[in-house]
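Chemist: take a look and give me a structure for this.
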Amino acid sequence: MILDWQVRASRMLRENINDLIALATVAEERSFTRAAARLNVSQSALSHTIKGLEKRLGLRLLTRTTRSVAPTLEGEDLLATLAPCFEKIEARLEALNESRDHPTGTVRIVATEYAIESLLWPKLSPVLKAFPAINIELMIDYGYTDLASSQCDAGVRYGDQVSDGMISMRIGPEERMICVAAPEYFDAQGIPQSPQDLGDHHCINLRLSNHGALYAWEFEDDTGNEIRVKVQGQARFNTINLVLRGALDGHGLALIPERLAADHLASGALRTCLEDYSPYFPGFHLYYPSRLRPSSAFQVVLDALRERG
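Modeler: Numbering: from 1, shown residues only. Below is the predicted model of the structure:
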């Protein structure tokens, strides 16, 4: 609840600032007429403002003659105190305006290696060339990272479900995870017909870096029910690119993003299975605190990443 004294203090501060600006303008112009035109107020209103300020302070601040206006000694002393303050405020406002036109700053984003390589970097690389004063730091993590503790501005994850206090923005198309292997693996071990068959196969695991657990493979049946399978195999990695490498080298089945496998599927280096159990789901979303007031650099990054498809 805002207290009465806070309201009064806020009103007093606002009135004094406006009146001090009026005083400084009159002193600079040495004329109520020119100062009123500059401030876009009437001459009588400006004169009333200065008289009100003098009355509150109990001091005469200006000496008025028929030809000109000049500060008194007390007025000169007050203006000497105000001048550096106004200059500092004006310089800061100019800097903010310049930063809007010439964004500057550092933006840190945490995401999976796949998200960085397939989506973030292709979209943000042009930003670095277009805005030399913007720095971008991309950090790899496979968990739902706490942005405050990691000192990151934003993170990336699949889907738009985020905790309270977070904003989610779509930055990529729909995705799906597909089960793939090298042709020689299928020739030697056969092709699984359902997720339950994976227990009889060598599978390449992904270890999640945030809590060390192995990623459980997720599928859906024809009624939309989720099927989660814990798979086993000799090879385990903590980045999806190495999981892909293991599959290409014939070490077993891998569950990887379809876009990551696209070129290898086209070349015949990989083949798919269990496609009927691999549904599409919402693609990558950027999440960041709702209380965050975007900097000029962060706003540029948001505009670059926003999915427009």
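
Chemist: when you work out contacts or count neighbours from here on, use the C-alpha atoms and nothing else.
Modeler: OK.

Chemist: okay, helices next: where are they in the stretch 101-250 of the chain?
Modeler: Ranges of helices in the stretch 101-250 of the chain, per DSSP state H, counting those that start in this stretch, are 113-115, 121-130, 147-150, 183-189, 240-248.

Chemist: out of those, deepest packed?
Modeler: Between those, helix 240-248 has the highest mean count of neighbours, a mean of 20, where neighbours are mean count of other Cα atoms under 10 Å.

Chemist: got a list of contacts for that one?
Modeler: 113-114, 180-182, 204-206, 235-237, 252-254, 256, 261, 269-270 (Cα atoms under 8 Å, 6 or more residues apart in numbering).

Chemist: mind checking which of these land in strands?
Modeler: 180-181, 205-206, 236-237, 254, 256 (DSSP state E).

Chemist: who wins on neighbours among these?
Modeler: Greatest neighbour count in these, by other Cα atoms under 10 Å, goes to V180: 29 neighbours.

Chemist: surely it and L255 touch.
Modeler: Yes - counting by Cα atoms under 8 Å, L255 is a contact partner of V180 at 6.4 Å.

Chemist: quick one, phi psi at the closest residue in space to R30 that isn't next to it in sequence?
Modeler: With sequence-adjacent residues excluded and distances taken as Cα to Cα, 6 or more residues apart in numbering, R30 is closest to V69, at 4.8 Å. Main-chain torsions, V69, degrees, to the nearest 10: phi -130, psi 140.

Chemist: again with A216
Modeler: phi -80, psi 130.

Chemist: about what we covered before: and the helices of the stretch 101-250 of the chain, which one averages the lowest pLDDT?
Modeler: Among the helices of the stretch 101-250 of the chain, helix 147-150 has the lowest mean pLDDT, at a mean of 67.

Chemist: bridged to the residue nearest to D153 when sequence neighbours are not counted, which residues?
Modeler: Spatial nearest neighbour of D153, chain neighbours left out: R108 (5.3 Å); criterion: Cα to Cα, 6+ apart. Note on R108: beta-bridge partners by DSSP bridges are E137.

Chemist: next, count neighbours for R108.
Modeler: 17.

Chemist: isn't it right up against V156?
Modeler: No - with contact defined as Cα under 8 Å, R108 does not count as touching V156 (11.3 Å).

Chemist: identify the contacts common to the two.
Modeler: Residues touching both R108 and V156 (Cα under 8 Å, 6+ apart): none.

Chemist: need the pLDDT of the residue nearest to A269 when sequence neighbours are not counted.
Modeler: Excluding the flanking residues, the one nearest A269 by Cα to Cα, 6+ apart is A182, at 6.0 Å. On pLDDT, A182 comes in at 97.

Chemist: one more: P84?
Modeler: pLDDT, P84: 82.

Chemist: would you map out the domains in the chain?
Modeler: According to automatic domain parsing, the chain comprises the domains 4-101, 105-173+284-305, 177-277.

Chemist: rank those domains by pLDDT, which is bottom?
Modeler: Of all the domains of the chain, domain 4-101 carries the lowest average pLDDT, namely a mean of 79.

Chemist: give me the distance from it to the chain's centre.
Modeler: Centre-to-centre, domain 4-101 and its host chain are 39 Å apart (Cα atoms, centre = their mean, to the nearest Å).

Chemist: also stretch 170-185?
Modeler: The answer for stretch 170-185 is 27 Å, by Cα atoms, centre = their mean.

Chemist: now name the helix or strand holding A70.
Modeler: strand 69-71 (DSSP states H and E).

Chemist: what's that strand packed up against?
Modeler: The contact analysis (3 or more Cα pairs under 8 Å, 6 or more residues apart in numbering; DSSP states H and E) places strand 69-71 against helix 4-29, strand 62-64.

Chemist: so what touches it?
Modeler: For strand 69-71, with Cα under 8 Å, 6+ apart as the criterion, the contacting residues are 26-27, 30-32, 61-64.

Chemist: list buried residues within those.
Modeler: The neighbour count (16 or more other Cα atoms under 10 Å) marks 26-27, 30-32, 61-62 as buried among the contacts of strand 69-71.
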